[in-house]
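Engineer: sequence unknown, structure follows:
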């Protein structure tokens, strides 16, 4: 596990773990304390939460104490001291893989308890504590952990007397709380005590690097893909920390699992920090047009694009012949660039979210899986870059293509992580077999690739250096501002090479007057031309693909907005609008 000591300020933040047996309301309490009703999936079924879920809680309910912060950890159902084979069968019913996941879930809880400064032991206050509750208390005492007892599900006064049975767990009077997490009753008192506790600070222990960003946040990533293709394994490999459960059981991940890791961007990191200004008002667009009028010519010297055959051969060699070990070192792709004597910090943090596997809609049947898929799509919408993980040894089909199309439509940069490539090489050893596989794959991903394909083996930490380099390049591309001169030179060349007759224009050909970039993340270009609505879809695609190639926009969609040439002059129409693609 990669551990790194954070600054004294971050190290003083206390970590509070929520622990208890299954189905006692841990995730509901977690959401209440965070103030985010949908942070963790809640469902009336045991074993819904499996991975550790972290959240930052800001507390200011006692003004005289001053505001403070703590890290809260939600955990799965825990049966302390019980081996997997003797745990109740309800730990992971049905599709959860039976008791096979119990030992993995228990290990996650144990890690949360080990790191915690305080444990909130939550139990069902409507009944007397069960032997499982006493076993957790014994485990916490053996670990030397301070804990508070929280009697949950006391949602009306008639249950208050029953909640007193929980005092038998042996905690101090002031450390016993009666709440109804589902109805947010008693939460205020608990928050006040937590604020007082957080004022004391944490134990300043070594924190896993993945919990909090260590540098300025550069971007947000989402790991998307079908079930059981290695998404959680990739998350753990990038975080260098066992943040997510890894199992051969499809559907192991339900809640999105968040973490952070650092990337080296070099001197170009300033592109991420500067937030460039773009011309948006008509006066600004007109002024930029006048500064370039008559000075831009087509760039005839642009090199020819690679042929489809050359691209496919290059990719075949990368998948089947070049050693994945090139990217095995932790940050091998950037180690040579990071000078140990540098006074400028070129590292930035990125947030990454692992998500549940998304199956075809007709196969998603249970309400729990519907929630999990919904959270996965929400994570995609919130991200800037999508790491789409595919199993190289399995077939790629319509569902994979549909998910990639959704990411593209939402303006996300896409990197296709071809996982288990080491097994692919064992499966297809002759060049003929490799070419057959390559043909099937190229039918799935049109050439030249819209998204970069990176061969990896997440389980063996192979190819991750190449992946990190592709990520850094993609994030920089999303943040760059391309000069209007370069855009117009490329666009004029494309229009000269291929144009079309504008419908109902008396035979006039399509012509461009001016174009410039008005937005990044994703890059968006406004084009002033002699028509804006009669542009065929195929021609818009031609311009998008040509500009993307000539302007070096890799792995990222390019949005084009078309306006009439007359709209460029101030007072003559709109400067912006929805992208026409």
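Structural biologist: All right, it came through fine. Fair warning: this is a prediction, and the values are worked out from it, not measured in the lab.

Engineer: only C-alpha atoms for contact and neighbour calcs from this point on.
Structural biologist: Fine.

Engineer: for residue 136, grab phi and psi.
Structural biologist: phi -70, psi -40 (degrees, to the nearest 10).

Engineer: that one and residue 80 touch, don't they?
Structural biologist: Yes: contact criterion C-alpha atoms under 8 Å: residue 136 and residue 80 qualify, at 5.2 Å.

Engineer: output the lowest mean pLDDT helix or strand found in this structure.
Structural biologist: Here the helix or strand of the chain ranked lowest by mean pLDDT, DSSP states H and E is strand 3-4, holding a mean of 38.

Engineer: most distant residue from the middle of this structure?
Structural biologist: residue 506 (50.9 Å; C-alpha atoms, centre = their mean).

Engineer: separation between it and residue 27?
Structural biologist: Residue 506 sits at a distance of 67 Å from residue 27 (criterion: C-alpha to C-alpha, to the nearest Å).

Engineer: check residue 74 too.
Structural biologist: Per C-alpha to C-alpha, residue 74 is found 6 Å from residue 27.

Engineer: and the residue farthest from the centre of the chain, helix, strand or coil?
Structural biologist: Residue 506 falls in the coil class when you classify it by DSSP: H, G, I helix; E, B strand; the rest coil.

Engineer: ok, the residue most central in space within the chain to residue 415 distance?
Structural biologist: For the chain, the residue nearest the mean C-alpha position is residue 222 (2.4 Å; C-alpha atoms, centre = their mean). According to C-alpha to C-alpha, residue 222 and residue 415 sit 11 Å apart.

Engineer: same question for residue 145.
Structural biologist: In this view, residue 145 and residue 415 are 43 Å apart by C-alpha to C-alpha.

Engineer: the more surrounded of these two?
Structural biologist: residue 415 (25 against 16; other C-alpha atoms under 10 Å).

Engineer: follow-up on the earlier one: per-residue pLDDT, the residue farthest from the centre of the chain?
Structural biologist: Model confidence at residue 506, given as pLDDT, is 78.

Engineer: kindly report the same for residue 109.
Structural biologist: Taking residue 109 on its own, its pLDDT is 86.

Engineer: so who does the residue nearest to it when sequence neighbours are not counted touch?
Structural biologist: Once flanking residues are discounted, residue 109 sits nearest to residue 75: 5.7 Å by C-alpha to C-alpha, 6 or more residues apart in numbering. Residue 75 sits next to 17-19, 26-27, 49-53, 108-109, 112 when contact means C-alpha atoms under 8 Å, 6 or more residues apart in numbering.

Engineer: likewise for residue 494?
Structural biologist: Each residue near residue 494 by C-alpha under 8 Å, 6+ apart is listed here: 543, 546.

Engineer: that one: which element?
Structural biologist: helix 484-497 (DSSP states H and E).

Engineer: just how off-centre is that helix within its chain?
Structural biologist: In terms of C-alpha atoms, centre = their mean, to the nearest Å, the centre of helix 484-497 is found 35 Å from the chain centre.

Engineer: repeat that for stretch 375-383.
Structural biologist: With C-alpha atoms, centre = their mean as the basis, stretch 375-383 stands 8 Å off its chain's centre.

Engineer: quick one: end-to-end distance for stretch 539-558.
Structural biologist: Using C-alpha to C-alpha, the end-to-end distance of stretch 539-558 comes to 14 Å.

Engineer: list the buried ones in that stretch?
Structural biologist: For stretch 539-558, the neighbour count (16 or more other C-alpha atoms under 10 Å) marks 543-548, 550-551, 553-558 as buried.

Engineer: residue 378 versus residue 486, what's the distance?
Structural biologist: Distance from residue 486 to residue 378, by C-alpha to C-alpha: 36 Å.

Engineer: show me which of the two is the more surrounded one.
Structural biologist: Legend: neighbour count by other C-alpha under 10 Å for residue 486 and residue 378, higher for residue 486 (17 against 14).

Engineer: name the nearest residue to that one, ignoring sequence neighbours.
Structural biologist: residue 551 (7.7 Å).

Engineer: next up, the contacts around the one you found.
Structural biologist: Residue 551 makes contact with 482, 486, 487, 490, according to C-alpha under 8 Å, 6+ apart.

Engineer: burial of residue 361, as a residue count?
Structural biologist: By the criterion of other C-alpha under 10 Å, residue 361 has 10 neighbours.

Engineer: what about the residue nearest to the centre of the chain, which SS state?
Structural biologist: strand.

Engineer: by contact count, what packs against the host helix or strand of residue 18?
Structural biologist: Taking DSSP H and E as the criterion, residue 18 maps to strand 15-19. Under the contact definition 3 or more C-alpha pairs under 8 Å, 6 or more residues apart in numbering; DSSP states H and E, strand 15-19 sits against helix 26-34, strand 68-74, helix 102-115, strand 118-124.

Engineer: and those: which comes nearest residue 515?
Structural biologist: helix 26-34 (45.6 Å; C-alpha to C-alpha).

Engineer: how is the protein partitioned into domains?
Structural biologist: 8-206, 217-265+323-425+450-479, 276-302+481-581 (automatic domain parsing).

Engineer: mind putting those into TSV with distance to residue 434?
Structural biologist: Converted to TSV, the domains of the chain look like this (distance: least, C-alpha to C-alpha, whole Å):
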stretch	distance to residue 434
domain 8-206	35
domain 217-265+323-425+450-479	9
domain 276-302+481-581	25
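
Engineer: right, so of those domains, which gets closest to residue 439?
Structural biologist: Nearest to residue 439, of all the domains of the chain, is domain 217-265+323-425+450-479, at 12.1 Å by C-alpha to C-alpha.

Engineer: in a strand, residue 560, correct?
Structural biologist: Yes: counting by three-state DSSP, residue 560 falls inside a strand.

Engineer: pretty sure it is touching residue 520, no?
Structural biologist: No: contact between residue 560 and residue 520 fails when scored by C-alpha under 8 Å: they sit 11.9 Å apart.

Engineer: and the residue farthest from the centre of the chain, how far from residue 533?
Structural biologist: Separation of residue 506 from residue 533 (C-alpha to C-alpha): 16 Å.

Engineer: could you look up the next helix or strand downstream of the helix holding residue 494?
Structural biologist: Trace forward from helix 484-497 with DSSP H and E and the next one is strand 512-519.

Engineer: okay, the angle between that following strand and helix 484-497?
Structural biologist: 130 degrees (axes from the mean of the first three to the mean of the last three C-alpha atoms, to 10 degrees).

Engineer: okay, now residue 71: neighbour count?
Structural biologist: 21.

Engineer: and the pLDDT at it?
Structural biologist: 89.

Engineer: what's near enough to touch it?
Structural biologist: Residue 71 is in contact with 13, 14, 15, 16, 54, 55, 56, 57, counting by C-alpha under 8 Å, 6+ apart.

Engineer: bridging residues for the third one?
Structural biologist: On DSSP bridges, the residues paired with residue 15 through beta bridges are residue 71.

Engineer: thought it was touching residue 116?
Structural biologist: Yes: contact criterion C-alpha under 8 Å: residue 15 and residue 116 qualify, at 5.0 Å.

Engineer: and the two? which has more neighbours close in?
Structural biologist: Counted by other C-alpha under 10 Å, residue 15 and residue 116 do not tie: residue 15 has more neighbours, with 28 against 24.

Engineer: anything in contact with each of residue 222 and residue 415?
Structural biologist: 385, 386, 387.

Engineer: so which of those is the closest to residue 154?
Structural biologist: Among these, and counting by C-alpha to C-alpha, the member closest to residue 154 is residue 386, at 42.4 Å.

Engineer: could you look up the SS state of the closest one?
Structural biologist: Strictly by three-state DSSP, residue 386 counts as strand.

Engineer: report pLDDT for it.
Structural biologist: In this model, residue 386 is scored at 95, pLDDT.

Engineer: that one contacts residue 224, correct?
Structural biologist: Yes: counting by C-alpha under 8 Å, residue 386 does reach residue 224; the two are 6.8 Å apart.
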